[in-house]
Structure formats: C-alpha cells, structure tokens
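Undergrad: Here is the input, now give the coordinates:
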Amino acid sequence: MQLRSSIPEDPEISLTSLIDVVFLLLIFFMVSTTFERQAVLKVDLPEAESVAVLQDQPNSFELVIDQSGQYFLNDRQLVDGKPATLRAAFNEAAGDNRDIPVILRADAATPHRFVVTAMDVTAQLGFTRLSIATERIEEE
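TA: Predicted coordinates for the structure are as follows:
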C-alpha cells in the first residue's frame, strides 16, 4: 500500500520581515549618530581669569585692531582694512615662514567682522599658531 509520494519542496524564506528590521536599524543609527563639526582654523584662546606670564617672543606678529577697524601689524598701520592689504602685509613681513605665531589684539568695541576677516586671512595664508589676547579681569 502506497500512501503519498513525497515530492521534495523547495523551502521559501520570506525576506520582507528581514528587510524591515534592517531598515529600522538603519534609521535608528542615523538618528542617534552625533555629527561633529570641525573648524578649519584652530584658535588658541587664553583664559582671561588666570594670571599669565608674558614671554617676550621676538619672532611673533602682533596684529592690533582698533575700534574703528584699523589694522596695525607690529605697530605699523596698514593703509586700509581690505583683506588684500592685510594679506600683502603678512606676506611682506613673514616671507615663506608660516610657523611664526600671530597674536591678535582687538579692542572690545571692534566690530566682529574685522576680527573674522583677520582670522580668515591668517588661515588662508597658512598661519596655524593664532592667539587672541585678552586682559585679566580684576576681582573686587
């Protein structure tokens, strides 16, 4: 007596649920990832509340910006505040040496755009050692 002939059937795997799980994991990791924004110009900000000993650095540039936006590079006033003038002054003073530290001193009433322009020009020229000078606040 013969019951049934067994014909081998190919098993079927449903991929729909697997694709759904992978898609949900992808969305979860995309949402939970934090993105880090890195600045192009590294700025060394000194702390204003600590006592700092000023060391005389003979090979440094001091860029002073007054409240009207006039630039002074090593106590020499520049003709105007255009980026091209600032770039030419740095090229003339530094030559090919870009390892010289630049100290940026800006008046408290200086408009922000003059400071940003100075930082942008120094970054474009390849100066990487930029410090922003501050005054220490005396506690009463």
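
Undergrad: show me where pLDDT drops low in this structure?
TA: Across the chain, the ranges flagged by pLDDT under 70 are 1-5, 34-58, 136-140.

Undergrad: can you give me the strands in it?
TA: 43-44, 61-65, 71-73, 76-77, 102-106, 130-132 (DSSP state E).

Undergrad: Neighbouring strands of the last one in the sheet, and parallel or not?
TA: Taking DSSP bridges as the criterion, strand 130-132 sits next to strand 43-44 (parallel), strand 102-106 (parallel) in its sheet.

Undergrad: Now the strands of the chain in a markdown table, please, with extra columns for mean neighbour count and distance to residue 12.
TA: Backbone N, C-alpha and C define where each C-beta goes, glycine included. Putting the strands of the chain into a markdown table (neighbours: other CB atoms under 10 Å; distance: least, CB to CB, whole Å) gives the following:
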| stretch | mean neighbour count | distance to residue 12 |
| --- | --- | --- |
| strand 43-44 | 12 | 62 |
| strand 61-65 | 20 | 73 |
| strand 71-73 | 19 | 76 |
| strand 76-77 | 10 | 83 |
| strand 102-106 | 19 | 70 |
| strand 130-132 | 17 | 66 |
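
Undergrad: for these, which one sits closest to residue 25?
TA: Residue 25 sits nearest to strand 43-44 of all the strands of the chain, at 39.2 Å, using CB to CB.

Undergrad: got the strands paired with strand 130-132 as TSV, with distance to residue 79 columns?
TA: Listed next are the strands paired with strand 130-132 as TSV, based on distance: least, CB to CB, whole Å:
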stretch	distance to residue 79
strand 43-44	26
strand 102-106	19
